[in-house]
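Engineer: I'll drop the sequence and a predicted model, then ask my questions.
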Amino acid sequence: MTTAAVQLRARLHHLYTGLGAECRRFRYGVMVLDLGTILFVIATSFVERNAVIGVIDVLIGIVLAVEFAMRLAGSRRAWREALRLASIADMLAIISFLAPLAGEGLGFLRVMRTLRLLHSYRMLDMLRDDFDFFRRNEEAILAATHLGVFIFIMTALVYETQHAHNPHITHYADALYFTVTALTTTGFGDITLPGTVGRLISVVIMLAGVTLFLRLAQALFRPTKVRFTCMSCGLQRHEPDAVHCKACGALLNIPDEGND
């Protein structure tokens, strides 16, 4: 490997794992790319495909492929990185963008990349440091993200498995409507998924969806706690006015930002 290649790999590794301001901007840029891709997939799912959308698909696929190659090049264990579930989902999504006729519908898997980013320790630390709103509402934001990802993936799954033969599922809005009614167990009955596969999808939506919905409700309505690591036992969540750790009794020194 040439010196230039070694330097490039070291540079990429620094950008993906470093803690400096430049690294933060780079990873925020990757997150914006992911979110933009998801919004594009959602928006174009409600309109008929045409040549313009096809060209944009290919351009997005090229950008995502370059970013994926950069991530692998910057990893110290490229093969392990490539074999992760989120990376495999990335590859399927990239294929669907570069060859939409062969892999149409797989682009929604890109949403798993954003979920992986949000669960990266470095990304979470960045969001806590840079955004007070995220720091105060971290659990609710992550729970809402989990629920949103689940709804998005199940909506796409319902559409891809049903629109060809189910007259009630003609576009993503129908699939989204069914997913939400099944998740909330409202079950109006105007749209159903026939067959064994359809029933199994409905069961998954109801069981997993209700669990995620209850987790979000719990995060929204339970008493607020602050994140502060106890130096004695490592407990991280405490009451806002806690003086001693409730797990080990050690004295805490939780920073108080004061009242306006």
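Structural biologist: Yes, it's here.
Engineer: only C-alpha atoms from now on, for both contacts and neighbour counts.
Structural biologist: Noted.
Engineer: so how many other residues sit close to G148?
Structural biologist: Using other C-alpha atoms under 10 Å, G148 is surrounded by 16 other residues.
Engineer: my bad, D174
Structural biologist: Other residues near D174 come to 16 when the count uses other C-alpha under 10 Å.
Engineer: by contact count, what packs against the host helix or strand of it?
Structural biologist: Assessed by DSSP states H and E, D174 sits inside helix 172-183. For helix 172-183, the packing partners by 3 or more C-alpha pairs under 8 Å, 6 or more residues apart in numbering; DSSP states H and E come out as helix 138-162, helix 195-221.
Engineer: in TSV, list those along with mean pLDDT and distance to L98.
Structural biologist: Rendered in TSV, the data for these read as follows (pLDDT from 0 to 100; distance: least, C-alpha to C-alpha, whole Å):
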stretch	mean pLDDT	distance to L98
helix 138-162	84	19
helix 195-221	86	28
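Engineer: now, of these, which is deepest in the fold?
Structural biologist: Neighbour counts (mean count of other C-alpha atoms under 10 Å) averaged over each of the helices and strands packed on helix 172-183 peak at helix 138-162, with a mean of 19.
Engineer: and that one, what other elements does it pack with?
Structural biologist: With contacts defined as 3+ C-alpha pairs under 8 Å, 6+ apart, the secondary structure elements packing on helix 138-162 are helix 111-118, helix 172-183, helix 195-221.
Engineer: which among those helices is found nearest to A143?
Structural biologist: Go through the helices and strands packed on helix 138-162 one by one with C-alpha to C-alpha and the one that ends up closest to A143 is helix 195-221, at 5.0 Å.
Engineer: contact partners of the helix or strand that the closest one is followed by?
Structural biologist: Read in the C-terminal direction, the helix or strand following helix 195-221 is strand 226-227, with elements assigned using DSSP H and E. If you take C-alpha atoms under 8 Å, 6 or more residues apart in numbering as the criterion, strand 226-227 is touched by 136, 236-240.
Engineer: picking up where we left off before, closest to L33 out of the helices and strands packed on helix 172-183?
Structural biologist: If you check each of those against L33 by C-alpha to C-alpha, helix 138-162 wins as the nearest, at 16.3 Å.
Engineer: just give the closest residue to F150, not the sequence neighbours.
Structural biologist: G209 (7.3 Å; C-alpha to C-alpha, 6 or more residues apart in numbering).
Engineer: how about the contacts made by that neighbour?
Structural biologist: If you count contacts by C-alpha under 8 Å, 6+ apart, G209 has them with 147, 150-151, 183-184.
Engineer: from these, which is closest to I254?
Structural biologist: L147 (31.3 Å).
Engineer: could you measure from that closest one over to K246?
Structural biologist: From L147 over to K246 the distance is 31 Å, taken as C-alpha to C-alpha, to the nearest Å.
Engineer: run a quick neighbour tally on S96.
Structural biologist: Number of residues near S96 (other C-alpha under 10 Å) recorded here: 22.
Engineer: revised request: answer the last question for C233.
Structural biologist: When neighbours are defined as other C-alpha under 10 Å, C233 has 12 of them.
Engineer: quick one on the thing from earlier: which two of the contacts of G209 lie the greatest distance from each other?
Structural biologist: Farthest-apart pair in the contacts of G209 is F150 and T184; separation 13.2 Å (C-alpha to C-alpha).
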